[in-house]
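S.K.: Model the structure of this input:
(one chain, ligands or ions: 1)
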Amino acid sequence: MLRITGGTVYDPANQVDGAIRDIAIDGGRIVASVDGGRTIDATGMIVIPGGVDVHTHVAGAALNFARAMTPEIQRQGLPFLHTPERRMGLGGLTPTTFATGYLYAGMGYTTVTEAAVPVLSAKHTHEELRDTPILDKACLLLMANNEIVIDLLEAGEIERAGHVVAWLIWAAKTYGVKAVNPGGVVAWKWGKNARSLGEPVEGYRNVTPAKIIASLAAIVDELGLPHPLHLHCNNLGMPGNVATTLETMRILDGRRAHLAHLQFHAYGGDSWSTMRSEAIAVAEHFNAHPGFTADAGAVLFGPALTITADGPWQHLLHELTGRKWGNIDVENETGCGIVPYVYKRSSLVNAVQWAVGLELLLLIDDPWRIFLTTDHPNGAGFWRYPELVRLLMDADYRRERVKALPAKAQKRIVLADLDREYTLSEIVTITAAGPARALGLPQKGHLGVGADADVAIYERHPDGVALFSSPRYVIKGGEVVVEEGQIRSVVEGREFVVRPAFDARIEEYLRPVFQQLYTMSFDNYPVEADRVHGMQLAACRTSA
Ligand SMILES: [Zn+2]
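M.R.: Numbers count the residues shown, from 1 in each chain. Reported below is the predicted structural model:
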């Protein structure tokens, strides 16, 4: 039992905006009141729900590949933590499991979504997530380049494709569907990409990226998954890709979707030298279509590590920058590319990217639909979220930073014209309440009775910005895990998984396909339920 007294509470899901409230905790949940137990006096402090990251990359084979590729930075970047509870960890831009849990908790985050899991390496992902302490997790299954599914779409067998998708979600013990560069990663196996949404994907006659996007969004809706299709659009990172992004939103035509790292998809111009922000056009369309949510995928100047299933983009980035590059093709499922990168303030392209992430966060008017991310570690390490919070809350500071950009870049962006300043309540919305709602996790992101007792408590900072830099206390599931900036106790997290309904006979279809196409035997493919630590089944709206 625990009582937090006298704090200034920001709980936007329950319309509490800076009110002095006591919070009572019992049995890992928020309750109306408690008798006895410990009391934390939070007088003068800010009390908010634990953060929820809707899109990050923290576990799995791709991360291990990235770690192996960057030995030179592994001793860097563990800014937090000196505690007897600490276990071994490497830093760099892809911290290892224990360090990842401590670093997120050390900011006040308590739930994260691993946004890219191939079924073929899902066992490994779950093993790393199991070793990532404190945090609750969900993971998203890579599905827009799965050749079994795309072959079915080619044959017009949409219903069977739906059963296969549902079977694969459960086989991988995942929570939702991620689409990365639909059709582009299939084409990449022949050294090609899928740049145009209306043209057939390399090797197919009927299947276009548009068809993959529309079909997967429909399947996700029909399966009743708590989180909509999580979409990494085609032409990520390319000048002029605003046309693709707007077309993608039109293809979705009223269907729900979460647009991942929208910053990387809101560029105008037709070459690297003419690249400019199109945040206004993207935000206007987005604002007018309430079925969409998005995360920012903001970039910050400094080192990053780009890591994505978008193989063709990564190869192009390697060619553009000359930086080292790694690539994996994951059999019939997806791909993966790794390129270490540095965002430079002096670069026109990077300066535009830096501005676009902030512009989208400021121009999208509903904080319940745009969420704070850096697409960690693609735009910056997640531990740099406090820098973004400051930029969102302080327009004068933001304008100062714009003045430091190259003059040419300043003409290609609108950031200096934006006066909006986020309130604390809006910051809590884009970091906890909104992501929890978009993920369909009703017990997360708020402090109402019945919610998971995930709470972060911060001192007020003299310049008004306090959140996420060294919380005074972090409580996870009712346990005080961080106190005075140190990990004080380590609890284990859970994993949220869905089990959508599917026809059990779909295995009769899949087994021979497997024997023919995969190097792994069919029976070894699904992740056993007991491999997933603290598995928590989330309800599907239409599950049997
Ligand atoms: Zn990502």
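S.K.: what residues does the stretch 351-500 of the chain put near the ion?
M.R.: Taking C-beta under 5 Å from the ion as the criterion, the neighbours of the ion within the stretch 351-500 of the chain are residue 375. The way it works is simple: take the backbone N, C-alpha and C, and place the C-beta from them, glycine included.
S.K.: typo on my end, it should be the chain
M.R.: Within the chain, the positions adjacent to the ion are 115, 375 by C-beta under 5 Å from the ion.
S.K.: residues near the residue of the chain found nearest the ion, how many?
M.R.: Closest to the ion within the chain is residue 375: 4.3 Å, counting by C-beta to the ion. Burial of residue 375 is recorded as 29 neighbouring residues (other C-beta atoms under 10 Å).
S.K.: three-state assignment of it?
M.R.: Assigned with DSSP: H, G, I helix; E, B strand; the rest coil, residue 375 falls in the coil class.
S.K.: Any stretches of the protein with poor pLDDT?
M.R.: The chain contains residues with pLDDT under 70 at 77-86, 88, 462-466, 542-544.
S.K.: that older thread, what's the separation between the residue of the chain closest to the ion and residue 122?
M.R.: Distance of residue 375 to residue 122, computed by C-beta to C-beta, to the nearest Å: 21 Å.
S.K.: for residue 131, same thing?
M.R.: 15 Å.
S.K.: what does residue 303 give?
M.R.: Counting by C-beta to C-beta - residue 303 and residue 122 are separated by 29 Å.
S.K.: Neighbour count for the two, which is higher?
M.R.: Set side by side, residue 303 and residue 122 show more neighbours around residue 122, with 25 against 18, by other C-beta under 10 Å.
S.K.: Report the contact partners of the closest residue to that one other than its chain neighbours.
M.R.: Take residue 122 and drop its neighbours on the chain: the residue closest to it by C-beta to C-beta, 6 or more residues apart in numbering is residue 172, 3.9 Å away. Listed by C-beta atoms under 8 Å, 6 or more residues apart in numbering, the contact set of residue 172 reads 117, 119, 122, 139, 141, 526, 527.
S.K.: Among the residues you listed, name the ones in strands.
M.R.: 117, 139, 141 (DSSP state E).
S.K.: Buried ones in stretch 125-137, by neighbour count?
M.R.: 125-137 (16 or more other C-beta atoms under 10 Å).
S.K.: Please state the offset of that stretch from the chain centre?
M.R.: Relative to its chain's centre, stretch 125-137 lies at 15 Å (C-alpha atoms, centre = their mean, to the nearest Å).
S.K.: Start and end of it, how far apart?
M.R.: Distance between the two ends of stretch 125-137: 11 Å, counting by C-alpha to C-alpha, to the nearest Å.
S.K.: Then stretch 388-407?
M.R.: First-to-last residue span, stretch 388-407, C-alpha to C-alpha: 22 Å.
S.K.: Please identify the buried residues of that stretch?
M.R.: 388-395, 398, 401-402, 405-406.
S.K.: can you tell me which of the residues you listed lies nearest to residue 323?
M.R.: Closest to residue 323 out of the buried residues of stretch 388-407 is residue 406 (21.2 Å), distances taken as C-beta to C-beta.
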